[in-house]
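>>> I would like to see how this sequence folds:
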Amino acid sequence: MNYLASSSLIDLVCSVCGRSYNADTLQSYCKECNAPLLARYDIAKVRKLVEPQVIRTRQRGIWRWSELLPVRDIKNRITLGEGDTPLIETVHLHKELGLKYLFIKDESRNPTGTFKARGLVMAVARGRELGVRSFVIPTAGNAGGALAAYAARANCEAHIYMPEDAPIVNKQEVTITGANLYLVNGLITDAARFAKAEADKHSYFDVSTFKEPYRLEGKKTMGFEIAEAFNWNLPEVIIYPTGGGTGLVGIWKAFQELEELGWVSSARPRMVSVQSTGCAPIVRAFNNGDSQVSFWENAQTIASGLRVPAVFADRLILKILKDSHGTAIAVSDEEIIAAQKEIATLEGIFTAPEGAATYAALHHLVRDGWIKANERIVLLNTGSGLKYLS
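Here you go, the predicted structure:
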């Protein structure tokens, strides 16, 4: 159909203190609380104007949810066809673990091959609407490729700071789209220091994870799609590979908004955060009962998207795990490799290492009795394994 529906965006609110910020001027995060800003919508207005069946009739893609997205002018709703990725019910994997229902939300079908497309299309689209023409980002790899693609689509500049040992595919997709690539000797946290310095120097808009409010809004569309796929009866468990955690927070935010609309009940999935044993700041904080994470020294893992030693939205993520009665678990690189092979062999899906980590974690959760055999479980495969070939 079309994407003509108007955004119902009201303002931005601090996720810690609740202070309101003007959504129609460029914002980053709450400097008072050092915390992310969350977009707030006029849910009562949306409830009167749209129903689930209306959403279903619209052209496929994330913009069919435009009432609950922040971009106001249809001319700024750029797209490369992101969103509406399949929710694949397994035919063999669930039997290996004695489960009845197991699903893979396969984000590898997005443009640039990962779920990063959802967040960066929204950050670029809203940023351009608010006057931005030059973006900067620190990245483990995939977010940089996505920013480069959408900046090209929007005729904007992109400046990408990436660890020099990031996958070669990520480097090539940045340069082929005409973005500026800067390789850094270190981790994403090191790249972030360079990116911030350049942003301050040149007035580039920094779209680091949770340092602006709109990548989250793109990522939350995964939650909308999961709810819709289950006919608005949410699954019992969602297992999510957590680096910066934007998708985990976004999915939770989507469910909250859908409940306010009256489209889902108050019942929530138990959310599981999966990290690598070589970089597990969320897991450590969760197991210690902490409300914030501490920096993970000497972070190492083959899953580059999980090699995030400092998490800006730590308070949000840990609260979601607690409120959902969820958990956090770390798996080894050896388990990730074995899980990636098992998924490919039994289901024909070549997952990213981060996606494979969710299945490795599922082995532990089933063995420990944390998951019941008849529960509906969703694994998030955040990207294609092809992105990691050297």
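>>> rest of the way, CA atoms for contacts and neighbours
OK.
>>> got the contact list for the residue nearest to residue 108 when sequence neighbours are not counted?
Nearest residue to residue 108, sequence neighbours excluded (C-alpha to C-alpha, 6 or more residues apart in numbering): residue 383, at 4.0 Å. Residues counted as contacts of residue 383 (C-alpha atoms under 8 Å, 6 or more residues apart in numbering) are 106-109, 113-115, 351-352, 354-355.
>>> can you check residue 338 too?
By C-alpha under 8 Å, 6+ apart, residue 338 lies in contact with residue 360.
>>> mind starting the numbering at 16 from now?
Yep, numbering from 16; the last one is residue 353 now.
>>> one step back: quick one: which of the contacts of residue 398 sit in strands?
Per DSSP state E, strands hold the following members of these: residue 121.
>>> which pair in the contacts of residue 398 spans the largest distance?
Farthest-apart pair in the contacts of residue 398 is 124 and 369; separation 15.2 Å (C-alpha to C-alpha).
>>> Looking at these two, which one has more neighbours?
residue 369 (28 against 19; other C-alpha atoms under 10 Å).
>>> residue boundaries of the strands in the stretch 16-165 of the chain?
24-29, 35-36, 52-56, 102-104, 116-121, 149-153 (DSSP state E, counting those that start in this stretch).
>>> in its sheet, what does the last one sit against?
When sheet partners are counted by DSSP bridges, strand 149-153 sits next to strand 172-178 (parallel), strand 220-221 (parallel).
>>> for the shortest one, the distance to its chain's centre please.
Here strand 220-221 shows a centroid-to-chain-centroid distance of 18 Å under the convention C-alpha atoms, centre = their mean, to the nearest Å.
>>> coming back round to it: which among the contacts of residue 398 count as buried?
121-124, 128-130, 366-367, 369-370 (16 or more other C-alpha atoms under 10 Å).
>>> could you dump the residues you listed to JSON lines with distance to residue 211?
Rendered in JSON lines, the data for the buried ones among the contacts of residue 398 read as follows (distance: C-alpha to C-alpha, whole Å):
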{"residue": "121", "distance to residue 211": "32"}
{"residue": "122", "distance to residue 211": "29"}
{"residue": "123", "distance to residue 211": "29"}
{"residue": "124", "distance to residue 211": "31"}
{"residue": "128", "distance to residue 211": "27"}
{"residue": "129", "distance to residue 211": "25"}
{"residue": "130", "distance to residue 211": "24"}
{"residue": "366", "distance to residue 211": "32"}
{"residue": "367", "distance to residue 211": "28"}
{"residue": "369", "distance to residue 211": "26"}
{"residue": "370", "distance to residue 211": "29"}
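>>> so where's this protein uncertain?
16-19 (pLDDT under 70).
>>> all helices of the stretch 66-215 of the chain, in order?
Secondary structure of the stretch 66-215 of the chain (DSSP state H, counting those that start in this stretch): helices at 67-72, 108-111, 131-144, 157-168, 183-191, 203-217.
>>> Quick check: which of those is nearest to residue 236?
Nearest to residue 236, of those and by C-alpha to C-alpha, is helix 131-144 at 7.8 Å.
>>> Mind giving me the packing neighbours of that closest one?
helix 157-168, helix 230-234 (3 or more C-alpha pairs under 8 Å, 6 or more residues apart in numbering; DSSP states H and E).
>>> export those helices to TSV and tack on distance to residue 113 and mean neighbour count?
Formatted as TSV, the helices and strands packed on helix 131-144 follow (distance: least, C-alpha to C-alpha, whole Å; neighbours: other C-alpha atoms under 10 Å):
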stretch	distance to residue 113	mean neighbour count
helix 157-168	34	26
helix 230-234	31	27
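>>> how about the ones you listed, which one is nearest residue 214?
It's helix 157-168; of those, that one is closest to residue 214 (C-alpha to C-alpha) at 15.2 Å.
>>> Please state the offset of that closest one from the chain centre?
When distances are taken as C-alpha atoms, centre = their mean, helix 157-168 is centred 15 Å away from the chain's centroid.
>>> relative to helix 131-144, how tilted is it?
Here helix 157-168 runs at an angle of 40 degrees relative to helix 131-144 (axes from the mean of the first three to the mean of the last three C-alpha atoms, to 10 degrees).
>>> What are the contacting residues of helix 157-168?
Contacts of helix 157-168 (C-alpha under 8 Å, 6+ apart): 93-95, 126-127, 129, 131-132, 135-136, 139, 150, 152-153, 172-177, 185-186, 188-189, 192-194, 320.
>>> give me the number of residues near residue 389?
When neighbours are counted by other C-alpha under 10 Å, residue 389 registers 12.
>>> how about it, secondary structure?
coil (DSSP: H, G, I helix; E, B strand; the rest coil).
>>> I'd guessed it sits against residue 113; true?
No: checked against C-alpha atoms under 8 Å, the pair residue 389 and residue 113 is beyond contact range at 9.2 Å.
>>> so who does residue 184 touch?
402-405.
>>> which among those gets closest to residue 65?
Nearest to residue 65 among the contacts of residue 184 is residue 402, at 38.0 Å by C-alpha to C-alpha.
>>> Contacts only, for residue 141.
85-86, 91, 229.
>>> Could you rerun that using 10 Å?
When contacts are counted by C-alpha atoms under 10 Å, 6 or more residues apart in numbering, residue 141 touches 39, 41, 84-88, 91-93, 135, 147, 228-230.
>>> how far away is it from residue 134?
Computed as C-alpha to C-alpha, to the nearest Å, the residue 141 to residue 134 distance reads 11 Å.
>>> Which residues are in contact with each of the two?
With C-alpha under 10 Å, 6+ apart, residue 141 and residue 134 have common neighbours 229-230.
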